[in-house]
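Colleague: test case, fold it:
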Amino acid sequence: MSWACGDVCECRKGRALSSILYKLLQSEEPEPEPGRLSAVVSPGCACPSRRRLVLKWPHITCAEASAVLAKTLAFIQNVPCFHALPGGDQVTLVRRCWAPLLVLGLAQDKVNFETVEVTATSILHMILTSGPADTHKESEDLHTASAADIHTIKRFLNKCWTLDITPKEYAYLKGTLLFNPELPGLHCVGYIQSLQQEAHQALKEHVKSTCTQDQSRFFNLIIALSMVRCIGAGVIVELFFRPIGNDNIDDKLVDMLCVDNKAQAAEKIST
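Modeller: This next block holds a predicted model:
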């Protein structure tokens, strides 16, 4: 079942005024700003798409995600035609493409993770111990993601593992993701489009030559590609990086990219 942004799920209709959390908040504070109360009580919602989840073992999973992020940057740095692009286009591609590339890297490195639900009881405990004024901030500090977002990531990972994607196929998929000519603000759109088409065609030819008995493999790989494009960077940051204090990953990647480009330029000059 899909939900529009402003929808109210059935399990919350008719009970908002009688909820314990609502009464506690109303007894202490004036009526909250629109959206603030729903943001607090949403972890207790019974609808799967609105439940809030956190990593079961955040430090382990976040360390694995950080390692994959380093590999992702290394992949980008090792693509020669990427460095032929203007600096502004490089920055745009990195900012907009690092998240799907990272999730693809999680699949390649077989990084699995478990989550646990943030229940209404935990939110009620925060209200009783910290007071309503601090509850919204503390609930944000739990670094939650919606069950729907987790399901999307898990479904993509399982799709990749079921297909048993090879390292060469992963490389072609990453190239197709990295060179996205549809991003706003790019200057070399035609060149980037040609690079994406080359990666797409290389993947197609590779699959055709290695999987002669599986006529649907290329189609399934393209489906997986469309799935990973639906995963937003905000979800990835909230789930894998904010728990360890890294919430501006795109800025850090751009900084690292600029440092590496300067180092390469200096090396060329010295030689």
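Colleague: which SS class is residue 176?
Modeller: Under DSSP: H, G, I helix; E, B strand; the rest coil, residue 176 falls in the helix class.
Colleague: so how far is residue 234 from it?
Modeller: Using CB to CB, to the nearest Å, we find residue 176 at a distance of 22 Å from residue 234. (C-beta placed from N, C-alpha, C; glycine too.)
Colleague: and these two? which has more neighbours close in?
Modeller: More crowded of residue 176 and residue 234, by other CB atoms under 10 Å: residue 176, with 22 against 13.
Colleague: what's around residue 253, how many residues?
Modeller: Count around residue 253 with other CB under 10 Å applied: 19.
Colleague: and residue 248, by the same measure?
Modeller: Residue 248: 12 neighbours (other CB under 10 Å).
Colleague: and what of residue 184?
Modeller: Neighbour tally, residue 184, other CB under 10 Å: 6.
Colleague: tell me where the stretch 51-200 of the chain has strands.
Modeller: Assignment of strands within the stretch 51-200 of the chain using DSSP state E, counting those that start in this stretch yields the ranges 52-55, 115-117, 145-146.
Colleague: pick the most buried one from those strands.
Modeller: Of the strands of the stretch 51-200 of the chain, the one with the most neighbours on average (mean count of other CB atoms under 10 Å) is strand 52-55, at a mean of 22.
Colleague: so what strands line up beside that strand?
Modeller: strand 115-117 (antiparallel), strand 145-146 (antiparallel) (DSSP bridges).
Colleague: quick check, pLDDT for residue 136.
Modeller: Note for residue 136: predicted pLDDT of 45.
Colleague: mind checking how far residue 243 is from residue 72?
Modeller: 19 Å.
Colleague: neighbour count winner among those two?
Modeller: Ranked by neighbour count (other CB under 10 Å), residue 243 and residue 72 place residue 72 first, with 24 against 19.
Colleague: worst average pLDDT in the strands of the stretch 51-200 of the chain?
Modeller: strand 145-146 (a mean of 85).
Colleague: would you map the helices across the stretch 51-200 of the chain?
Modeller: For the stretch 51-200 of the chain, helices defined by DSSP state H, counting those that start in this stretch occupy the ranges 58-77, 80-83, 87-108, 120-130, 132-140, 147-163, 167-178, 189-210.
Colleague: and the last one, which residues are buried?
Modeller: Applying a neighbour-count criterion of 16 or more other CB atoms under 10 Å, the buried positions in helix 189-210 are 191, 192, 195, 196, 199, 200, 202, 203, 206, 207.
Colleague: now swap in the first one and tell me
Modeller: The neighbour-count check on helix 58-77 (16+ other CB under 10 Å) flags 58, 61, 62, 64, 65, 66, 68, 69, 72, 73, 75, 76 as buried.
Colleague: for the last one, give me the pLDDT.
Modeller: Right, the one you point to is residue 76. Taking residue 76 on its own, its pLDDT is 93.
Colleague: over to the first one?
Modeller: In the predicted model, residue 58 carries a pLDDT score of 90.
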